[in-house]
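J.: okay, sequence plus prediction incoming.
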Amino acid sequence: MYQMTELQKRIQGAMPDLAIKMNEPLCNHTSFKIGGPAEIMAFPASVEELQRLFRWAKGEGISPVVLGAGTNVLAPDEGLPGLIVCTKGALVGMTREDETSVTVMSGVSMARAAGFAADLGLSGLEFAHGIPGSVGGGLYMNAGAYGGEIKQVAEKTVFMDLDGTLHMAEGEAQEFSYRHSAFTGKPGIIVSGTFRLTPKPAEEIWDTMRVLMGKRKASQPLEMPSAGSTFKRPVGGYAAALIEQAGLKGFQVGGAAVSEKHAGFVVNLGGATRQDVLTLIEKIQERVLQTSGIALEPEVIRL
């Protein structure tokens, strides 16, 4: 039985109704399946509970780490001290606002949001059906695939800063660009997003999503732990093609390897450490720079 830390005792006493896990392995909450224990992982069930948590943390001098679905992050093997706020399975809920818009909480998966819209006969989120991340993560980095991007449909985003104050950004104020938004790197948490969509027969929308999912399964190593595309799309080329041209398909460092199926993915073959992944990323960058003159920029976020 582990000894509770003082911080764990304080949060348990201050917020006894909050769903929390102590020393929770981060590898259970990241798609890379890498990461040691989080001192405290909290799962706020409502916006109000999240506000209380942030205000308590501020009073304690704590800056929380925010974790969504964990699909684009690399966690440390030694774990993380302090407070980690996880939205996946916590901040959930989807509502139809009017004939063409829906509001989705940040902890909902992109796939569920796309399916919800499709069932309502609303088109625009088809590209998101196969993206494994959360809506919060999608808004944070302007997620996209197969020609679609969040910025094409995001009408407004609700964001909470670390003192519990809610802010709303609409339209261009969301500042979407390639894998970037007004919220990227900003302390706080995305609470929800409202999406403006287009009416279309539900079966046609589902047909499109099934086709896109088929393409994804055929071309990507979905059966292997990874963080999706490891690098951002460089100017003048595609990361996967450049990596393959550099002869790095299958190249391995420890338990991490360049996928044989899709060179744009670094996968965990089993037992990979954070350092294995980081070293492999560095070697890929060096080789691609040597062979093409193009500098690849990692897309994966380090916790």
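T.: Done, it's in. Fair warning: this is a prediction, and the values are worked out from it, not measured in the lab.
J.: tell me where the stretch 1-150 of the chain has strands.
T.: 20-25, 37-42, 65-67, 73-74, 80-86, 94-96, 101-105, 122-123, 144-145, 148-149 (DSSP state E, counting those that start in this stretch).
J.: out of these, which gets nearest to S192?
T.: Nearest of the strands of the stretch 1-150 of the chain to S192, taken as Cβ to Cβ: strand 101-105 at 5.0 Å. Using the backbone N, CA and C atoms, a C-beta is placed for each residue, glycine as well.
J.: what does that closest one rub up against?
T.: 87, 91-97, 113, 116-117, 120, 122, 135, 155, 191-197 (Cβ atoms under 8 Å, 6 or more residues apart in numbering).
J.: and if you look at stretch 110-124?
T.: Residues outside stretch 110-124 that contact it (Cβ under 8 Å, 6+ apart): 94, 96, 100, 102, 104, 125-135, 137-138, 143, 148, 152-153, 195-202, 204-206, 209.
J.: need the buried ones from the residues you listed selected in PyMOL.
T.: Selection of buried members from the contacts of stretch 110-124 for PyMOL, criterion 16 or more other Cβ atoms under 10 Å:
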select buried, resi 94+100+102+104+125+126+127+128+129+130+131+132+133+134+135+137+138+143+148+153+195+196+197+200+205+206+209
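J.: now list the buried members of the contacts of strand 101-105.
T.: Neighbour-count burial (16+ other Cβ under 10 Å) is assigned, among those, to 87, 91-92, 94, 113, 116-117, 120, 122, 135, 155, 191-197.
J.: skipping its backbone neighbours, what lies nearest W56 in space?
T.: Nearest non-adjacent residue to W56, counting by Cβ to Cβ, 6 or more residues apart in numbering: A14, 5.4 Å away.
J.: what about that neighbour, how many residues nearby?
T.: As a burial measure, A14 scores 14 neighbours (other Cβ atoms under 10 Å).
J.: can you give me the helices for the stretch 1-150 of the chain?
T.: Along the stretch 1-150 of the chain, counting by DSSP state H, counting those that start in this stretch, helices occupy 6-14, 47-59, 110-119, 135-141.
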